[in-house]
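Asker: pasting the structure only:
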């Protein structure tokens with residue numbers, strides 16, 4: 001045959017006399033079993049890992065037997081042997097999805113073509129299942145060993161010797177636990193022996209081993225029992241692939257934490273890593289990360305605590321040391337890491353004559369339990385606190401508390417949606433000249449099970465992160481369009497630009513506009529910009545389409561954040577809503593007043609109406625009126641409330 005199938009097990013069922021096909025299988029397959037009756041078939045199938053079956057019609061009900069076998073193991077390969085082509089047999093073979101119909105009259109070359117294709121496909125599939133993505137079809141990369149029933153080594157291949165560091169003479173007759181790493185749990189080997197010895201099945205898993213020179217090796221392993229004719233186990237054979245380079249640094253890090261008594265862990269994050277991703281290609285980023293990671297230990301004093309750097313990906317690294325080794329150096333840990341961070345951040349990395357300034361954040365924790373979780377949550381807290389070095393013991397508990405609160409809010413939102421308790425309150429917008437209500441802004445509220453009314457601050461951000469935000473938006477739109485028919489004033493409805501990017505939201509909006517086309521001139525879509533918006537073309541097209549229907553567009557929070565005069569011109573709004581932080585400070589802050597005046601002058605030239613938010617008292621209102629702001633909104637004129645219509 002053209003392929004090596006030495007490790008396949010073939011079951012030959014029935015009687016064969018002067019069979020060319022039987023001879024071909026015996027010549028080309030080393031591992032064959034014979035079954036003369038149904039009891040033999042069942043016994044061999046149950047006690048061995050059969051890969052392929054060769055059968056003929058000499059055993060009564062042979063097709064039914066094969067069908068039952070395939071029902072329990074659809075992966076098994078089946079070949080039927082016949083002296084001549086029989087239509088009934090062929091049809092039965094099609095029904096049970098036979099892999100090959102082999103005629104005795106065929107030449108060896110023809111048989112090879114018929115047998116090779118399904119077995120090659122099966123062999124690749126089986127190999128992938130045993131060794132996953134790490135399996136290399138070249139036999140030279142597979143680590144093979146055999147042991148007797150007591151676990152004493154009887155055979156190893158060259159690859160086994162290469163990986164373990166032992167000569168073959170040092171291994172023969174020695175118990176296999178010579179390469180067993182002490183970090184492995186006893187339960188792992190108890191499960192392995194129970195599977196291969198008691199159940200007589202193949203065991204698969206990844207085992208941490210140790211080489212002769214003490215190096216840790218991760219081997220993805222498949223260990224199977226070998227049987228004699230009486231189905232007694234005679235030996236065990238193991239196939240392994242070295243996945244040490246593929247096992248993630250994170251897994252190695254977590255293994256080390258678990259197996260150490262007390263440790264000290266530092267997690268390091270490249271600050272503004274996302275900016276690196278925007279400016280450089282993956283090849284360069286990987287090189288920057290590798291060279292940066294390789295240099296990290298050089299920024300520490302020679303204290304022999306941290307011996308390697310773990311690369312966790314996405315610009316994140318870890319240092320792990322023994323806590324008692326740290327105690328012996330008698331150095332303040334905060335000072336140690338503070339100096340380390342300062343040295344890293346003040347250095348410049350040179351690659352191909354280009355200089356890269358890499359700044360880091362560092363979070364550290366010490367102990368044993370929740371060590372990684374504490375340091376991980378500590379990095380998040382360091383970002384929020386704007387600290388480059390952060391002690392993070394118990395940060396995971398704070399994170400759990402935060403997560404628990406978020407889950408409570410998610411539950412609150414779900415209940416409110418189910419009970420139609422996502423409602424709209426309406427705040428009046430006053431015409432500064434007439435002091436009459438010209439418009440209302442629709443503002444979302446949540447009513448909990450105790451009839452408490454919650455503002456967006458209490459639930460909206462969690463809803464965005466949990467997938468309920470779209471449902472809330474839908475409910476707010478429904479509420480707002482219902483009230484539209486009952487009042488004569490305009491209704492201003494908040495829309496995030498991220499909402500507009502979503503097909504589902506846009507489709508719903510156009511449907512509601514069509515259903516309420518006699519009221520579209522009373523509708524204002526109040527847009528809140530977001531840096532995460534991906535496609536401004538979609539937003540601009542949406543604005544163009546709704547304005548054709550009579551809808552007015554307002555830009556919210558103008559004068560702060562991401563808003564710009566350039567974007568203002570692109571959106572061509574009818575209304576500008578001036579950011580409340582400017583309005584609130586206008587009495588005592590000349591800068592705020594100057595910005596508001598600039599916006600007012602610009603808006604008048606562009607024939608855009610202006611609305612000032614957070615108008616909280618008469619003094620603020622009078623200044624705004626003097627400046628020439630068109631509308632005011634705030635507690636001085638009215639809080640958001642239900643509209644009684």
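Answerer: On my side now, so go ahead. Remember, it's a predicted structure, so these values are computed and weren't measured experimentally.
Asker: ok now the helix or strand harbouring residue 463, how far from the chain's centre?
Answerer: Secondary structure assigned from DSSP states H and E places residue 463 in helix 460-466. Centre-to-centre, helix 460-466 and its host chain are 19 Å apart (C-alpha atoms, centre = their mean, to the nearest Å).
Asker: What is the subsequent helix or strand relative to it?
Answerer: Where DSSP H and E defines the elements, the next helix or strand beyond helix 460-466 is helix 469-484.
Asker: And the helix holding residue 463, what's buried?
Answerer: By 16 or more other C-beta atoms under 10 Å, the buried positions in helix 460-466 come out as 460, 462-463. C-betas here are computed from N, CA, C, even on glycine.
Asker: show me where the stretch 251-400 of the chain has helices.
Answerer: 273-279, 282-295, 323-329, 333-346, 371-385, 395-418 (DSSP state H, counting those that start in this stretch).
Asker: So which of those is the most surrounded?
Answerer: A comparison of the helices of the stretch 251-400 of the chain by mean neighbour count, using mean count of other C-beta atoms under 10 Å, puts helix 371-385 on top with a mean of 20.
Asker: In terms of secondary structure, what does that helix contact?
Answerer: Packing partners of helix 371-385 (3 or more C-beta pairs under 8 Å, 6 or more residues apart in numbering; DSSP states H and E): helix 249-259, strand 263-270, strand 360-367, strand 389-391, helix 395-418.
Asker: Need the ones you listed in TSV (columns: distance to residue 615 and mean pLDDT).
Answerer: Shown next, in TSV, are the helices and strands packed on helix 371-385 (distance: least, C-beta to C-beta, whole Å; pLDDT from 0 to 100):
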stretch	distance to residue 615	mean pLDDT
helix 249-259	53	77
strand 263-270	43	86
strand 360-367	41	84
strand 389-391	41	60
helix 395-418	30	71
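Asker: ok, back up a step: now the buried residues of helix 460-466 as CSV including pLDDT?
Answerer: As requested, the buried residues of helix 460-466 are arranged in CSV below (pLDDT from 0 to 100):
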residue, pLDDT
460, 84
462, 78
463, 79
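Asker: Closest one of those to residue 568?
Answerer: If you rank the buried residues of helix 460-466 by distance to residue 568 using C-beta to C-beta, residue 460 comes first, at 25.3 Å.
Asker: In the stretch 151-300 of the chain, where is pLDDT below threshold?
Answerer: 245-248, 278 (pLDDT under 70).
Asker: residue ranges for the strands of it, please.
Answerer: Assigned by DSSP state E, counting those that start in this stretch, the strands in the stretch 151-300 of the chain fall at 153-156, 203-210, 216-227, 233-242, 263-270.
Asker: got it, and the stretch 501-645 of the chain?
Answerer: Using DSSP E, counting those that start in this stretch, the strands of the stretch 501-645 of the chain run over residues 523-528, 552-558, 575-578, 609-612, 631-632.
Asker: Throw these into JSON lines and include distance to residue 24, mean neighbour count and mean pLDDT, thanks.
Answerer: JSON lines is the format used below for the strands of the stretch 501-645 of the chain (distance: least, C-beta to C-beta, whole Å; neighbours: other C-beta atoms under 10 Å; pLDDT from 0 to 100):
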{"stretch": "strand 523-528", "distance to residue 24": "75", "mean neighbour count": "22", "mean pLDDT": "90"}
{"stretch": "strand 552-558", "distance to residue 24": "79", "mean neighbour count": "23", "mean pLDDT": "88"}
{"stretch": "strand 575-578", "distance to residue 24": "85", "mean neighbour count": "26", "mean pLDDT": "92"}
{"stretch": "strand 609-612", "distance to residue 24": "89", "mean neighbour count": "25", "mean pLDDT": "95"}
{"stretch": "strand 631-632", "distance to residue 24": "92", "mean neighbour count": "23", "mean pLDDT": "96"}
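Asker: Could I get these in TSV, plus columns for distance to residue 492?
Answerer: Formatted as TSV, these follow (distance: least, C-beta to C-beta, whole Å):
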stretch	distance to residue 492
strand 523-528	4
strand 552-558	6
strand 575-578	8
strand 609-612	9
strand 631-632	10
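Asker: Quick one: closest of those strands to residue 602.
Answerer: Checking those against residue 602 by C-beta to C-beta gives strand 575-578 as the closest, at 8.6 Å.
Asker: Minimum distance to residue 143: which of the strands of the stretch 151-300 of the chain has it?
Answerer: Nearest of the strands of the stretch 151-300 of the chain to residue 143, taken as C-beta to C-beta: strand 233-242 at 4.0 Å.
Asker: which neighbours does the closest one have in its sheet, and in what orientation?
Answerer: strand 143-147 (antiparallel), strand 216-227 (antiparallel) (DSSP bridges).
Asker: Would you mind splitting this protein into its domains for me?
Answerer: 9-131, 139-242, 249-393, 408-632 (automatic domain parsing).
Asker: where's the shortest one relative to the chain centroid, distance-wise?
Answerer: Relative to its parent chain, domain 139-242 has a centroid offset of 34 Å by C-alpha atoms, centre = their mean.
Asker: Same check on the third one?
Answerer: For domain 249-393, the gap between its own C-alpha mean and the chain's C-alpha mean amounts to 22 Å (C-alpha atoms, centre = their mean).
Asker: same check, this time on the last one
Answerer: Domain 408-632 sits 34 Å away from the centroid of its parent chain (C-alpha atoms, centre = their mean).
Asker: what mean pLDDT does stretch 81-99 have?
Answerer: Stretch 81-99 shows a mean pLDDT of 79.
Asker: Show me what that stretch is in contact with.
Answerer: Stretch 81-99 is contacted from outside by 14, 16, 19, 21-22, 52, 54-57, 63, 66-67, 70, 77-80, 101-105, 118, using C-beta atoms under 8 Å, 6 or more residues apart in numbering.
Asker: again, but for stretch 219-226
Answerer: 49, 130-132, 134, 143, 163, 192, 196-197, 200-207, 209, 233-243.
Asker: What subset of those residues is buried?
Answerer: 49, 130-131, 134, 143, 163, 192, 196, 200, 202-204, 206-207, 209, 236-243.
Asker: What sits closest to residue 551 if chain neighbours are left out?
Answerer: residue 523 (4.8 Å; C-beta to C-beta, 6 or more residues apart in numbering).
Asker: in the stretch 451-600 of the chain, which spans are helices?
Answerer: Listed in chain order, the helices of the stretch 451-600 of the chain (DSSP H, counting those that start in this stretch) span 460-466, 469-484, 497-501, 503-515, 536-548, 565-571, 580-584, 590-605.
Asker: Reformat those as TSV; add distance to residue 305.
Answerer: Output for the helices of the stretch 451-600 of the chain, formatted as TSV (distance: least, C-beta to C-beta, whole Å):
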stretch	distance to residue 305
helix 460-466	38
helix 469-484	46
helix 497-501	46
helix 503-515	54
helix 536-548	51
helix 565-571	52
helix 580-584	48
helix 590-605	51
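Asker: what's the least confident stretch among these?
Answerer: Among the helices of the stretch 451-600 of the chain, helix 565-571 has the lowest mean pLDDT, at a mean of 70.
Asker: before we move on, the earlier item: go through the contacts of stretch 81-99 and flag which are in helices.
Answerer: If you go by DSSP state H, those have 21-22, 63, 66-67, 70, 118 in helices.
Asker: Tell me the buried residues in stretch 605-622?
Answerer: Buried residues in stretch 605-622, defined by neighbour count with 16+ other C-beta under 10 Å: 608-615, 620-621.
Asker: That should have said stretch 112-128, apologies.
Answerer: For stretch 112-128, burial by neighbour count (16+ other C-beta under 10 Å) applies to 112, 114-116, 118-119, 122-123, 126-127.
Asker: rewinding a little: buried subset of the ones in helices among the contacts of stretch 81-99?
Answerer: Members of the ones in helices among the contacts of stretch 81-99 classed as buried by 16+ other C-beta under 10 Å are 21-22, 63, 66, 70, 118.
Asker: out of these, what pair is the most spread apart?
Answerer: Top of the distance list for these (C-beta to C-beta): 22 and 70, 21.4 Å.
Asker: give me every residue that touches the residue nearest to residue 366 when sequence neighbours are not counted.
Answerer: Among residues not flanking residue 366 along the chain, residue 264 sits closest, at 4.2 Å (C-beta to C-beta, 6+ apart). The neighbours of residue 264, taking C-beta under 8 Å, 6+ apart as the test, are 305, 320-323, 326, 333, 364-366.
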